[in-house]
Structures are given as C-alpha cells and as structure tokens.
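Chemist: predicted coordinates and the sequence they were generated for:
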Amino acid sequence: MFELISLPYGAKDLEPVISAQTLSFHHGKHLQAYVDNLNKLLPGSGLSEDLSLEEIVCKANPAGGASANQAVFNNAGQILNHNLYFTQFCKGGKALEDGAFKAQIVRQWGGVEAFQAEFVAKGVGLFGSGWVWLSRDANGSLVITQEAGASNPVVRGLKPLLTFDVWEHAYYLDYQNRRAAHLDALWQILDWSVIEKRYK
Ligand code: MN
C-alpha cells in the first residue's frame, strides 16, 4: 500500500505563496485521491506494490512501458511528482549555496537568475496541465523538460531534481489564471538544499 506523505512544514508556513487552503486541498484531497486510486488499481495490473514509484511509472508508461497502463501511470506519476514537489519547500525558502550544483547551473545558463527565467517561461508555456522539471542526466548535465499530465522525467532516463506544478489545482484558489505570478513566487519558498542533495 502506498501512503500519503506527511508535509515537512505547517499548514500556514508557505503563505502567502501557497495558502493553507490551497495546501489543504492539494495535499489532503488531490494527492490523497491519487494514492487511493493507485492502491485500488495495482491489484490485477501485473505491477507489484513492492516496486518503487519510479519503477511503476516507467513500466506503466503508455509510450512503451513493459506493462503499459494509462490509469496506473497517471496515478503513480502524480504521487511521484507531488512527493518531489511538496518536499522541496520550506518556510521562507533556503538559498542556493556555492558548490558543484550551483556551478553547473552557472556553466549552462550563465547565472541562477537566467536559469530561473527559463524555468518559469517553460512552465508558463506548457499548454494545459503538467509539470516543468529540472533534471540531471547520467553525465551530470542539467536539463529542463515540460511533462504533460502526470509524466515525470524518469521516463526519459533522467533524474528529477526540481519541479513546479502547473496544474490549475496548484494555484487557482490563490492566483486564479495568473500562472506566471504563481511560478515566480515559488522561488521564495524553495529549499535549494533539497535540490542540491538530489543532484548529488
Ligand atoms: Mn498538483
């Protein structure tokens, strides 16, 4: 059985960037539903609940997974995505320290602000529901991808590091249609030390 992750901060700790109301619906209703759905779908799917979420997403991937299954892919993908999303924030955010990860960003984008601008632009430009991701490849290079629906960069063989959720349920209560304003504000609560650990 997969379980709903608990949040590493309080209900109001991410305000005003993410309100307690949005957090309550997003974590307590949306993510909980994906967890409940996956637990119902796995028996009889040929995919074991002993597999990791990454393994389930890759095997269920409708675009060529060994056990292609759209419903399993959608729900397992959304759990994996949200687990990475919710655990990358903290009250007030935490700055990016000098080190190999920051150096790689500077090497590829010229600076952190230029990276952030491209990342937000890719999130704003994603049509419909999905996720914008920063991942690393096997050589340590960084790559920004747009993933539609429930997809995750693991299906491309990448290691996911950082993500912004651009499904409307992530921001509509607080920002209505202003997706760009929401994405720009998320940097204020990002815990860069978490992203740096994922890069290592
Ligand atoms: Mn979401």
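Modeler: Thanks, I have it. Residues are numbered from 1 along each chain as shown.
Chemist: list phi and psi for residue 74.
Modeler: The phi and psi values for residue 74, taken as degrees, to the nearest 10, are phi -60, psi -50.
Chemist: so who does it touch?
Modeler: The contact partners of residue 74, taken as C-beta atoms under 8 Å, 6 or more residues apart in numbering, are 149-150. No exception for glycine: its C-beta is placed from N, CA and C like everyone else's.
Chemist: how near is it to the ion?
Modeler: 12 Å (C-beta to the ion, to the nearest Å).
Chemist: residue 186 now?
Modeler: Spatial separation of residue 186 from the ion under the definition C-beta to the ion is 13 Å.
Chemist: helix or strand: which one has that residue?
Modeler: Taking DSSP states H and E as the definition, residue 186 sits inside helix 179-186.
Chemist: before we move on, what about residue 196?
Modeler: Under the criterion DSSP H and E, the helix or strand holding residue 196 is helix 192-199.
Chemist: same for that helix, what does it pack against?
Modeler: Applying 3 or more C-beta pairs under 8 Å, 6 or more residues apart in numbering; DSSP states H and E, one finds that helix 192-199 contacts helix 100-109, strand 159-165.
Chemist: list just the one of those that sits closest to residue 65.
Modeler: When the helices and strands packed on helix 192-199 are ranked by proximity to residue 65, the top entry is strand 159-165, at 17.2 Å, counting by C-beta to C-beta.
Chemist: next helix or strand past that closest one?
Modeler: Reading on from strand 159-165 to the C-terminus, the next helix or strand found by DSSP H and E is helix 172-175.
Chemist: what's that following helix in contact with?
Modeler: Residues outside helix 172-175 that contact it (C-beta under 8 Å, 6+ apart): 16, 18-19, 21-22, 25, 181-182.
Chemist: buried sites along that helix?
Modeler: By neighbour count, with 16 or more other C-beta atoms under 10 Å as the criterion, the buried positions of helix 172-175 are 173-175.
Chemist: returning to that earlier point: and the contacts of helix 172-175, which two are furthest apart?
Modeler: For the contacts of helix 172-175, and using C-beta to C-beta, no pair is farther apart than 25 and 181, which are 19.2 Å apart.
Chemist: all good on my end, thank you.
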